[in-house]
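My questions concern the predicted model and sequence given below.
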Amino acid sequence: MSDQKRLLRSQTNRMLGGVCAGLASYLGVDPLLIRFAFGALGFINGFGVILYCVLWIIIPDQAGSELASEDAVRANLSDMRNQLQTTVQSIGATRGSMLVGLFLIAAGLWFLAKIVFPHLNVALFWPLIFIGAGVFLLLRRR
């Protein structure tokens with residue numbers, strides 16, 4: 001029974017939560033392919049981000065693989081909070097807040113446009129959002 005392969009989040013090859021590296025190890029593929037897939041799914045109404053967060057919560061970490069289900073979920077939520085705090089601190093408090101704010105504005109515009117203009121092809125807004133973010137970053141550097 002110990003030879004059975006288990007799906008666990010990676011502690012060594014993690015970029016954020018170790019989900020992609022854990023899936024890659026389980027499936028026997030390069031983690032970059034899994035990361036690319038989640039990134040691509042992120043552009044489909046945010047599905048990749050939601051899926052990543054859900055998997056981060058339910059897939060046990062390598063260190064906590066022997067915990068009961070409820071304890072593993074609690075540990076995963078705590079790990080998620082700590083990792084996100086560390087990431088925001090490494091970006092810098094003001095810069096991190098600005099990036100989160102820009103992301104929330106873009107996501108809000110996306111969902112608002114889908115509601116207000118149901119026949120409008122909202123996929124056209126993503127290039128505008130990227131262009132606007134690029135212009136903002138360039139002007140900010142001056």
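Cool, the structure landed. Residues are numbered from 1 along each chain as shown.

Now the residue lying closest to residue 129 once chain neighbours are set aside: which helix or strand?
Of all residues not flanking residue 129 in the chain, residue 106 sits nearest, at 4.9 Å (C-beta to C-beta, 6 or more residues apart in numbering). Heads up, the C-betas are built off the backbone N, CA and C, glycines and all. Assigned by DSSP states H and E, residue 106 falls within helix 93-116.

so what secondary structure elements neighbour that helix?
For helix 93-116, the elements it packs on are helix 69-91, helix 125-141, judged by 3 or more C-beta pairs under 8 Å, 6 or more residues apart in numbering; DSSP states H and E.

quick check: mean pLDDT across it?
Averaged over helix 93-116, pLDDT sits at 72.

How far off centre is that helix?
15 Å (C-alpha atoms, centre = their mean, to the nearest Å).

Next, the angle helix 69-91 makes with that helix.
Between helix 93-116 and helix 69-91, the angle comes out at 110 degrees (axes from the mean of the first three to the mean of the last three C-alpha atoms, to 10 degrees).

how close does residue 37 get to residue 62?
Between residue 37 and residue 62 the computed distance is 22 Å (C-beta to C-beta, to the nearest Å).

do residue 53 as well
Remark: distance between residue 53 and residue 62 (C-beta to C-beta) = 19 Å.
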